[in-house]
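Enquirer: Here is my input, please return the structure:
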Amino acid sequence: MLFKEARRRRHRIRAVSAATIVAVAAAVLGVGLYLSQPASPGAYPSGSRLAPVSHPRTGATLVYSLNNLRVIDADTGASRTLRLPAPAGGASDRAMVRIGGSLLLNRGDRAWLYRPELLGAPVDLGPSLRIIPGPAPGEVWLWTDPCAEAPAGAPGCSGAENDYGQGEVQLVDFSGHPIGAPIPLPLGPPPAGAPLGTPGTAWFPTGDVVDTGLVLAPIYGARHWEVWDPTANRVIRTLPPGGVIAAGGNLVASVAGGSCLPKCTLRLVNVRTGIERNVTLPIGAVSIDEGSFSPNGATLAVPVGLGGAWPGRHPTALVLVDLRTKAAGLLPGSEQKPTPNYGAFNATWSNTGWLFYTAYGSTRILVWHPGEHKAQVLSRARLPRLSPELAPEGQQLPTLIAL
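Expert: Predicted structure coming up:
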């Protein structure tokens, strides 16, 4: 069950309603109505076509992961490839995390650190099912489950703490040296009134981090998500039901109600104060992919599907949320409709403050910087073309990250 949930997370959390054809048709009509109307005050207008950038100066490096790591200079298009450091692993295989100027890669159920400039052999940080940024620069949490592959009745794997496979997290430095002892993930009692023998409440880390802790998704016994401080080993905030799509600073973003029809509404929760704010997304956004907060915490970028769920022939686009005004609107120039269209990558921000975005099946990379009116296409940098046989479920899709 744990790995099914982790794999579902790896292939993106999609808030797609199982609505009727009539409801989807109404949403498609809403796209046309929205794109034909002027943007609301304070929102980002929509409807522009893709425009190429001649010579952007982003100062960013992009890393694309599929059969290898392709390192791409966003400004010149120059690229080189790095061999993956180990055979394939589990649910988080090829997931990438940026910490400072370094790249961390999950491969073969181990964590690998690539120093800035991605030169030289990567550092093996140890066993890992998921890499999570640590509380200080040069530190990282590694989620492991020592009992996942252990035979039944193995020593230390028969107690209640290990029955549900949620495992533990270990803090290590960038040399792979452990900092302190492993910390088991929290395990609560069964829900009140549950029949005898009902499994206890258990969670696993999604990889999302806020200033005060790690975001945990439920495995058994609960619908709500949690923010957990592993250092103090305490839950510091219980989140409303609904999958978290982004976390950063003190904010956690999720889909209010867990559905995007008849309309998509984001719920923003401040994990320090508990204050919640709802943000209504533009008409026609009927599915949501994982979002990303800008490095300065001013903007939330959310990939959306317009008029239908993925996979399909529906266009994808980016919605930008101004976290000061809570205004949301489609980013002009961000609409894409590749064939085949399996959905959208995570929006990824570089250390230099540029936003990069593409859709599965597209070779083009969009770029945007706060203050610019619309997204544009990088004229020199391109992604490899995906095979039409690449299935959106059951296989690992490529990932893209900006450094």
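Enquirer: make it CA atoms for all contacts and neighbour counts henceforth
Expert: OK.
Enquirer: May I have the beta-bridge partners of Ala285?
Expert: Leu306 (DSSP bridges).
Enquirer: Quick check, pLDDT for it.
Expert: As predicted, Ala285 sits at a pLDDT of 85.
Enquirer: try Lys263
Expert: Listed pLDDT for Lys263 reads 81.
Enquirer: Name the residues of stretch 318-330 that are buried.
Expert: 318-323, 326-330 (16 or more other CA atoms under 10 Å).
Enquirer: what about the residue lying closest to Val304 once chain neighbours are set aside, neighbour count?
Expert: Of all residues not flanking Val304 in the chain, Ile288 sits nearest, at 4.5 Å (CA to CA, 6 or more residues apart in numbering). Using other CA atoms under 10 Å, Ile288 has 31 neighbouring residues.
Enquirer: Would you agree Ile288 is in contact with Gly305?
Expert: Yes: taking CA atoms under 8 Å as the definition, Ile288 is a contact partner of Gly305 at 6.4 Å.
Enquirer: State the distance from the residue nearest to Val304 to Asn296.
Expert: Ile288 is 23 Å from Asn296, where distance means CA to CA, to the nearest Å.
Enquirer: Quick check: Ala247 touching Ala253?
Expert: Yes: assessed by CA under 8 Å, Ala247 is found in contact with Ala253 at 6.2 Å.
Enquirer: next one: phi and psi at the residue nearest to Val304?
Expert: phi -130, psi 140 (degrees, to the nearest 10).
Enquirer: re the thing from before, so which of the buried residues of stretch 318-330 belong to strands?
Expert: Taking DSSP state E, the ones among the buried residues of stretch 318-330 that sit in strands are 318-322, 327-330.
Enquirer: Could I get the residues you listed in a markdown table, plus columns for pLDDT?
Expert: Converted to a markdown table, these look like this (pLDDT from 0 to 100):
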| residue | pLDDT |
| --- | --- |
| Leu318 | 94 |
| Val319 | 96 |
| Leu320 | 97 |
| Val321 | 97 |
| Asp322 | 96 |
| Ala327 | 95 |
| Ala328 | 96 |
| Gly329 | 95 |
| Leu330 | 95 |
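Enquirer: Farthest pair within the residues you listed?
Expert: Leu318 and Ala327 (13.8 Å; CA to CA).
Enquirer: sec struct for Glu117, please.
Expert: At Glu117 the chain is in helix, as set by DSSP: H, G, I helix; E, B strand; the rest coil.
Enquirer: Can you report how many residues lie near it?
Expert: By other CA under 10 Å, the residues close to Glu117 number 12.
Enquirer: How about Gly108?
Expert: 21.
Enquirer: again with the one 4 residues further on
Expert: For Trp112, the neighbour count with other CA under 10 Å is 27.
Enquirer: element containing it?
Expert: In this assignment (DSSP states H and E), Trp112 forms part of strand 110-114.
Enquirer: Identify all contacting residues around that strand.
Expert: With contacts defined as CA atoms under 8 Å, 6 or more residues apart in numbering, strand 110-114 is touched by 85, 102-106, 120-131, 142, 174.
Enquirer: and those, which of them are in strands?
Expert: Those of those lying in strands (DSSP E): 102-106, 123-127, 130-131, 142.
Enquirer: Spatially, which two of those residues are the most separated?
Expert: Among these, Ser102 and Pro127 lie farthest apart (CA to CA), at 18.6 Å.
Enquirer: okay, these two: which has more neighbours?
Expert: Pro127 (21 against 16).
Enquirer: Quick check: closest non-adjacent residue to that one.
Expert: Arg110 (4.3 Å).
Enquirer: Please apply the same query to Ala181.
Expert: Nearest one to Ala181, counting by CA to CA, 6+ apart, is Gln170 at 6.7 Å.
Enquirer: The one you found: neighbour count?
Expert: Neighbours of Gln170 (other CA under 10 Å): 21.
Enquirer: Can you tell me the SS state at it?
Expert: strand.
Enquirer: What distance do you get for it to Trp112?
Expert: To Trp112, Gln170 is 15 Å away according to CA to CA.
Enquirer: Same question for Ser92.
Expert: Ser92 is 13 Å from Trp112, where distance means CA to CA.
Enquirer: and for those two, which residues touch both?
Expert: Residues touching both Ser92 and Trp112 by CA under 8 Å, 6+ apart: Asn106.
Enquirer: tell me the phi and psi of Ile245?
Expert: phi -100, psi -10.
Enquirer: Name the nearest residue to it, sequence neighbours excluded.
Expert: Excluding the flanking residues, the one nearest Ile245 by CA to CA, 6+ apart is Glu290, at 4.6 Å.
Enquirer: Provide the secondary structure category for that neighbour.
Expert: coil.
Enquirer: how near is it to Val97?
Expert: Using CA to CA, Glu290 is found at 14 Å from Val97.
Enquirer: More neighbours: which of those two?
Expert: Glu290 (25 against 20).
Enquirer: I figured that one was touching Leu318, is that so?
Expert: No: the criterion here is CA under 8 Å, and Glu290 misses it with Leu318 at 11.0 Å.
Enquirer: Appreciated, that's everything.
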